[in-house]
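>>> below are the sequence and a predicted model for it; my questions follow.
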Amino acid sequence: MSQSQRHIISILLENEPGALSRVVGLFAQRGYNIETLTVAPTEDESLSRLTMTTIGNESKVEQITKQLNRLIEVVKLVNLTEGPHIERELMLIKVKAVGAQRAEIKRTADVFRGQIVDISSSVYTVQLTGTSDKLAAFIEAIGPSCVLETVRTGVSGISRGEKVLSL
Amino acid sequence: MELLSGGDMLVRALHDAGVEYIYGYPGGSLLHVYDAVYKQSHIKHVLVRHEQAAAHMADGFARATGKAGVVMVTSGPGATNTITGIATAQTDSIPMVVICGQVPSHLIGDDAFQETDMLGISRPIVKHSFRVTDPVDIPEIIAKAFHIAETGRPGPVVIDLPKDMTMPNERFEYNYPKKVKIRSYSPPQRGHSGQIKKAVDMIMEAKRPIIYSGGGVILDKSSDKLRELVDLLGFPVTNTLMGLGAFPGTDERFLGMLGMHGTYEANVTMHHSDLIIAIGARFDDRVTNATSKFCPDAKIIHIDIDPSSISKTITADVPIVGPVGSVLDDMMALIKTSETQVDAEALASWWKQINEWRPRHGMRFEKNDDGLMKPQEVIQAMYEATQGKAYVTSDVGQHQMFAAQYYKFDEPNKWINSGGLGTMGFGFPAAMGIKMNFPKEMVVCVTGEGSIQMNIQELSTCLQYGIPVKILCLNNGSLGMVRQWQDMNYEGRHSHSYMESLPDFVKLVESYGHVGIRVTDRDELPQALEDTFNKYNDRLVFLDVKVDEKEHVYPMQVPLGTMRDMWLNKTERT
C-alpha cells in the first residue's frame, strides 16, 4: 500500500443549486475526508471552481477522483499534486499587540510579506497569503500564545505553465 | 406553437420520451399532474398500494426491457416511501425516472405539510436529480432525465416537482428537445484500442483463462456478443448473480454462478486461473471473498463502462473503460485477425482439469425420505414446468440463491433480482411490472414467507389491473438465510428468525380474489404446478409450498478465505 499524502483536487463544477452538496455528500458517503474546501464562481458564471485537499494513498485518491467524475455536474477535474502547481491560502489572524510586541509583530509580518490590515490599541489583524506551510510557520514565529483568532480560506491552486482547467 | 400547463407538459413529455406505463400514487402536491394524466389516453397509470412497490414495478419493467421505468409519487411520505426502491435500482444500475411532487416553491423550507427534502434524502442513491424551478424547463428536464438514466452506467434519476410548476391555468410553450446534450456528461462510447490490443495479447498467452461476466453485459444488451466471444475462444464462463442468462445456463462451457453461493467448479476454476476476463462485473464482496487472497495467479482484464468500478476492490492489469458491446466487437475483430492463436493445447488440459472438478459437488442435495420437500427440488420442478422459459423474479434470502442455482437461465433479462442491495419485498412488484409489459409470458416470483409479506398489499393492485403473475412461496416458516447463519455461526440460536403467526396465505390471496394452492407433500407438487401454469393460466396463483426449514444453501464460501474455500454441505469443507 502506498503512503498517504495530501492531494489538491481542483474541480470545474456546474454553478447550479445542489451541485456542491453532491460533492461534499460524496465524501461523507464514502468515508473520504476533506481537509480544506474552497469554492467560488469563475469568470464564466455558469461554472464554479472548487478546490479541495484530501489525504489518502494513491489508490484511495484515484477512487475519489473517479467517484467525483461520476457526478453529472462535475465538468472536469484535476489532481494538482500530480504535476507542478501553485497553491495559495489566505489567512486573517488577530494577534495580541501591546508594547514591544507591536514592533516585533510588524517585523515578523514583513518577513512573511504579510500586511497589517487593522489596528486597535492592543490588537493587530494581519493578512497573510501563501502555502499552508508558510501560514503555519508564521503562527509558529509570532508564538501561538499571542494568537487571538485565525481564519483561513483553505487552499486554492492552479497548474504551472500552459496547462489549464477549462471547458 | 402549443401552449400547455406544467402538468400537461409533464405528461406530454413522458409520452414523447416513449413512456407507456407510470407506476404511482397520487397526493396533494401532484393533483394537477394527476388531472393531466386523467385527460389523456397514451400513458397507462398503475395505482399501487404502497409507493415502494411502484419503484420496484418500474425497476422490474426496466430490468426486463432495458428501458427506464417511471415512478410518480406525491411529496413527503410518498417520496420517502420510494427510497428503498430507488436504492435498489441504484445499486444494480437500473434506469428509472422518479417524479416526486413537492410543496409549492414559496413553502419550501417552511416545514410545510407533506414537505420533505427529497433531493437531499435521495442524493446518495441516485445517478442524478433535478428540481423544476420554471415550468418551461419541464420537457427538457424530462428528456435529460431519461438520457442520464438510460445511458452510460444506468441508474435512477429523481425529479422534484413543486406544485406551483404544474398550475393548470398557467400555460407555456411546449418544446420537447430532439437531442439532449449535457456538457458535463459524456459516457464513453468505445474502449481504448491500445488497451484492447494488450488484452488480446494476454488472451493469446493464457493457459488457464476464465471469463467472469456480470450484469453489465445484460445492461448493454450484449449477451449475443459474449456468446460469440466464447465461441471464438472456447474459454470457460462464469456469471455473477446479476449476470445470469447473459450466457446460456445449459451450455457445456458454463460453470455456473460464482461467489459466496457459486458452484464449486466456478470458484475453483477462478482460483486456479492465470487470466480472468471480467466483463461488466465489479468484483464485489459476494464474489471475491477475501480480496487479499483473491485468485493469486490471475492476471486481470477488466471491461466496464464505469471507471470507478475498475481497480476498486481488485486491481486490474488491463483496465478497459467502455461499453461492453463495443469493446467486445473491437476485441473480436482483433482476435480474428491476430497472427497468434489461443493456446489450444493448454486450453484442452485446462478443460480436462475443470471437468475433473465438476462432479465433486455437482449441485447435489439429499431429498428427504418423507414428503417434505427440499427447496431445491421445488425450483427444479418449476424449471421443468416452465421449460426454463419464464421470467423469474425473486426476493432475498435462501430462496433467491436456490432460484439462481437451480433455474438454468438461457436468456438475458429473465432473471430479475435485487442482487446488490438485497431488498426483501422486491420480487412481487418487480414481477408485476414485467407481466404488464409481457402479458403472454410466464412470470414467476420466487419468494419466501418472510419476503412476500413486505409487499403483499400489491395483491390488490393485481386484482384491479388483472396481472396474473405466479407467486412461488418456499415456505419454511423462518427467515431461512438468517437462520442458516445462526446455525453456522451462533450455535443454532435462532434469534428472531422465526416467522411466527403466519397468515393462511391461501385464504389471504382468495380474499383478494386470486387463486391460492397449498402444497405440503412432494406428491402434490406436479398437479399444483400444472394447475398454476395451465388451469389458472390467466389468474394470479399463490403457490404456498412447505419446504424443509433445516436446509442450508451450499456451496458456501468460508468467510475471509480464498475463492475456493467452501462448505460443500453441512460437514464437508474444501
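Right, received. Where do you want to start?
>>> what parts of chain A come near chain B?
When proximity is defined as Cβ under 8 Å from any Cβ of the partner chain, chain A approaches chain B at A:14, A:17-18, A:21-22, A:25-26, A:29, A:59, A:62-63, A:66-67, A:69-70, A:72-75, A:167. Every C-beta, even on glycine, is put in place using the N, C-alpha and C of the backbone.
>>> if you count neighbours, what's buried in stretch B:328-335?
By neighbour count on 16 or more other Cβ atoms under 10 Å in any protein chain shown, the buried set for stretch B:328-335 is B:Leu328, B:Asp329, B:Asp330, B:Met331, B:Met332, B:Leu334, B:Ile335.
>>> just the element for the third one, please.
I take that to be B:Asp330. Using DSSP states H and E, B:Asp330 falls within helix B:324-337.
>>> that helix: how far from the chain's middle?
Distance, stretch centre to chain centre, for helix B:324-337: 27 Å (Cα atoms, centre = their mean, to the nearest Å).
>>> show me where the stretch 201-350 of chain B has its helices.
B:215-219, B:223-233, B:264-272, B:285-288, B:324-337, B:344-357 (DSSP state H, counting those that start in this stretch).
>>> which strands or helices does the third one pack on?
So the one you mean is helix B:264-272. strand B:209-213, strand B:237-239, strand B:254-257, helix B:344-357 (3 or more Cβ pairs under 8 Å, 6 or more residues apart in numbering or on different chains; DSSP states H and E).
>>> go with 6 Å
Helices and strands touching helix B:264-272, by 3 or more Cβ pairs under 6 Å, 6 or more residues apart in numbering or on different chains; DSSP states H and E, are strand B:254-257, helix B:344-357.
>>> and the stretch 251-400 of chain B, which of its residues are near chain A?
B:Pro307, B:Ser308 (Cβ under 6 Å from any Cβ of the partner chain).
>>> compute the inter-axis angle for the helix holding B:Asp330 and helix B:223-233.
20 degrees (axes from the mean of the first three to the mean of the last three Cα atoms, to 10 degrees).
>>> what are the contacting residues of stretch B:21-31?
With contacts defined as Cβ atoms under 6 Å, 6 or more residues apart in numbering or on different chains, stretch B:21-31 is touched by B:34, B:43-46, B:48, B:51, B:54, B:57-58, B:70-75, B:78, B:101-103, B:163.
>>> which of those are buried?
By 16+ other Cβ under 10 Å, the contacts of stretch B:21-31 give B:34, B:45-46, B:48, B:51, B:54, B:57-58, B:70-75, B:78, B:101-103, B:163 as buried.
>>> those also near chain A: which ones?
Okay, of the buried ones among the contacts of stretch B:21-31, nothing touches chain A (Cβ under 6 Å from any Cβ).
>>> select from the residues of chain A next to chain B every entry located in helices.
Those of the residues of chain A next to chain B mapping onto helices are A:Ser21, A:Arg22, A:Gly25, A:Leu26, A:Gln29, A:Ser59, A:Glu62, A:Gln63, A:Lys66, A:Gln67, A:Asn69, A:Arg70, per DSSP state H.
>>> hey, where'd the helices end up in chain A?
Counting by DSSP H, the helices of chain A are A:19-29, A:58-70, A:100-111, A:132-142.
>>> looking at those, which is nearest to B:Glu449?
Smallest distance to B:Glu449 across these (Cβ to Cβ): 34.4 Å, for helix A:19-29.
>>> and the contacts of the closest one?
Residues contacting helix A:19-29 (Cβ under 6 Å, 6+ apart): A:Leu13, A:Ile34, A:Gln67, A:Leu71, A:Glu73, B:Arg123, B:Pro124.
>>> and the angle for that helix with helix A:58-70?
Relative orientation of helix A:19-29 versus helix A:58-70 (the same axes, to 10 degrees): 150 degrees.
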